[in-house]
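Visitor: Next come a sequence and a model predicted from it.
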Amino acid sequence: MSGKKNQVAAIQMASSPHVSANLLEAERLIGEASESGAGLVVLPENFAFKGEHDRDMLTLCEEPEDGPLQGFLSQMAKRYGVWLVGGTIPLRASQGGKVRAACLVMDDQGRRVARYDKIHLFDVHLVETDERYVESSTIESGNQPVVLDTPFGKLGIAVCYDLRFPELFRRLLEQGAELFAVPSSFTAMTGKAHWKTLVRARAIENLAFVIAAAQGGYHISGRETHGHSMIVDPWGTVLSQVPRGTGYVSVELDTDYQKTIRRTFPTIDHRQLY
């Protein structure tokens, strides 16, 4: 961990269609989080690009293992000596005209150690604001849950809309997950109603830490994201959060506390239905 403590960070952005500006902002925040002591840093969903239309992301589609966004994530992880959960970037899908919303994890040497493709796609009509989202028109769903070993514990990955599906988190728990990274881009409306509740619920029911990194602000599409990136402990306590705009939160994980809770309040062991 390059001498870093068991400290983690969630970065919040208000990304635009200008990739170079977004990458500069991401690097600034990664650097600040690293300087604060974080050894694991989580970027938000779509950190590199938020276009006017969903299909705009197709222009940034990269081949797996090769592309400027993948190179950026590798360089940042190595340069700042952090494990980096790279939000999502668009990678080539098996279906023509679509991408995978891929979350890549880089170790502190810049090596890719995991890839998770977003499973649950946000296809909804928000009647109150008359917003329509059809992620399936441009994104091909993944189908493989991902848990990996890190110096911070066994890390499970989920992305945004995944947060509403506790069965995915149970699958990650069954694979040994002790903490979850959740890059996200919740809408202002759904975020106000459900974001904090869902993040805390996933922490409480799995007795796990949740590092939830979000988009937070106004975007060129006219849409607004909720923000409130946060880190939550296994008891559901919000350890730190940033409300709106760009920034980051960073805390040191108390893994002994987690072990104590899992031992003395063993709800995981008391499950009857599988």
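Guide: Sure thing, it's come through.
Visitor: right, and the helix or strand after the strand ranked longest in the chain?
Guide: In the chain, with assignment by DSSP state E, the single longest strand is strand 99-106. The helix or strand immediately downstream of strand 99-106 is strand 112-117, counting by DSSP states H and E.
Visitor: Check which helices and strands that following strand is in contact with.
Guide: For strand 112-117, the packing partners by 3 or more CB pairs under 8 Å, 6 or more residues apart in numbering; DSSP states H and E come out as strand 99-106. Heads up, the C-betas are built off the backbone N, CA and C, glycines and all.
Visitor: what angle do the strand it packs on and strand 112-117 make?
Guide: Relative orientation of strand 99-106 versus strand 112-117 (axes from the mean of the first three to the mean of the last three CA atoms, to 10 degrees): 150 degrees.
Visitor: So what touches strand 99-106?
Guide: Residues outside strand 99-106 that contact it (CB atoms under 8 Å, 6 or more residues apart in numbering) are 45, 57-58, 61, 64, 70, 73-74, 76-78, 83-93, 112-118, 135, 138-140, 142, 148, 155, 157, 159, 181, 183.
Visitor: Restricted to buried residues, select those in PyMOL.
Guide: Buried members of the contacts of strand 99-106 can be picked out in PyMOL with the line below, counting by 16 or more other CB atoms under 10 Å:
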select buried, resi 45+57+61+70+73+74+76+77+78+83+84+85+86+87+88+89+90+91+92+93+112+114+115+116+117+118+135+138+139+140+142+148+155+157+159+181+183
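Visitor: can you give me the helices in this structure?
Guide: All helices of the chain, identified by DSSP state H, fall at 19-35, 68-80, 166-174, 188-190, 196-206, 255-264.
Visitor: contact partners of the fifth one?
Guide: Right, the one you point to is helix 196-206. Residues contacting helix 196-206 (CB under 8 Å, 6+ apart): 163-164, 166, 169-170, 172-173, 177, 180, 182, 208-210, 212, 228, 230, 232-236, 238, 267-268.
Visitor: what's the answer for stretch 60-74, then?
Guide: Contacts for stretch 60-74 (CB under 8 Å, 6+ apart): 19, 23, 26, 48-49, 84, 86, 89-92, 99, 102, 104, 106, 110-112, 115.
Visitor: What separation do you get for the nearest residue to residue 27 once chain neighbours are set aside and residue 260?
Guide: In space, residue 27 comes closest to residue 76 once its chain neighbours are excluded; the distance is 6.1 Å by CB to CB, 6 or more residues apart in numbering. Using CB to CB, to the nearest Å, residue 76 is found at 34 Å from residue 260.
Visitor: Repeat that for residue 87.
Guide: Distance from residue 87 to residue 260, counting by CB to CB: 32 Å.
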